[in-house]
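Peer 1: Turn this into a model:
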Amino acid sequence: MTGARVSDPASTALLFVECQRGVVGDLSVLPALAESARPVLATMGRLAAGARGAGVLVAHLTYVPLAGGRSTGRRSPLMRATTATAAWGDSHPAVEIVPEIGVGADDLVLPRHQGISPVHRTEVLAVLRNIGIADVVVAGVSTNLAIPLVAVGAADEDFAVTVPTDACIGTPPEHHASMLRHSLAFVARLATTDELLAEWSS
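Peer 2: Residues are numbered from 1 along each chain as shown. A predicted model of the protein is given here:
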């Protein structure tokens, strides 16, 4: 573990980024990412359960496009490669959280309808600040793009950021390891799931 201890669980939020069936589950539009994520989902679920038990807020940052996908621009290669998401909507099974993590009774689900970043020009960080959150733990997918975007966005807004190294993933695995060591370590504390659960239960 590097850096300072996470503060009181009551002021901490565990953010799961795009842990949806259509991203890392059985309906994935990104099969390489889903394959990399499969061995990690149980650890994500264990972190979620431990967080709920310790009084840490669990929040799910999901992608749910509007207007037949027209709410998101298609200029980026990523968005052009995932045009199948245009069929998604509030009731589409692809937007559901994977069962390994689930949605607890007190969890927040914060969907975004446009863009690549889960926090840029969304209400996520404002909502968290308004309910007294000071520390965020950023889990899920992927360390290629969305996890760094959330970590940097939160750090720039003066949240303390932790990334659980075994409860997030990218592809290929060597790039995931490089992102943790050479990029995310500069904006976030790195910790394992076991370290976080021990910390929250102390």
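
Peer 1: what's the burial count for the residue lying closest to E157 once chain neighbours are set aside?
Peer 2: Distances taken as C-beta to C-beta, 6 or more residues apart in numbering place L125 nearest to E157, at 5.1 Å, with adjacent residues excluded. All C-beta atoms are positioned from the backbone trio N, CA, C, and that covers glycine. Residues contacting L125 under the criterion other C-beta atoms under 10 Å number 20.

Peer 1: Does L125 lie in a helix or a strand, and which?
Peer 2: helix 124-130 (DSSP states H and E).

Peer 1: quick one, what contacts L14?
Peer 2: Going by C-beta atoms under 8 Å, 6 or more residues apart in numbering, L14 touches L47, A48, A51, V56, L57, V58, A59, V136, V137, A139.

Peer 1: Can you say which helix or strand has it in it?
Peer 2: Under the criterion of DSSP H and E, L14 resides in strand 12-17.

Peer 1: what about T143, how many residues close to it?
Peer 2: By other C-beta under 10 Å, the residues close to T143 number 26.

Peer 1: Test for you: state the pLDDT assigned to the residue nearest to it when sequence neighbours are not counted.
Peer 2: With sequence-adjacent residues excluded and distances taken as C-beta to C-beta, 6+ apart, T143 is closest to G170, at 3.5 Å. For G170, the model assigns a pLDDT of 96.

Peer 1: cool, and A67?
Peer 2: Note on A67: pLDDT of 44.

Peer 1: Quick check: buried residues in stretch 93-102?
Peer 2: The neighbour-count check on stretch 93-102 (16 or more other C-beta atoms under 10 Å) flags A94, V95, E96, I97, V98, E100, I101, G102 as buried.

Peer 1: quick one on the thing from earlier: what about the strand holding L14, average pLDDT?
Peer 2: The pLDDT scores in strand 12-17 average 98.

Peer 1: Also stretch 92-103?
Peer 2: For stretch 92-103, the mean per-residue pLDDT is 96.
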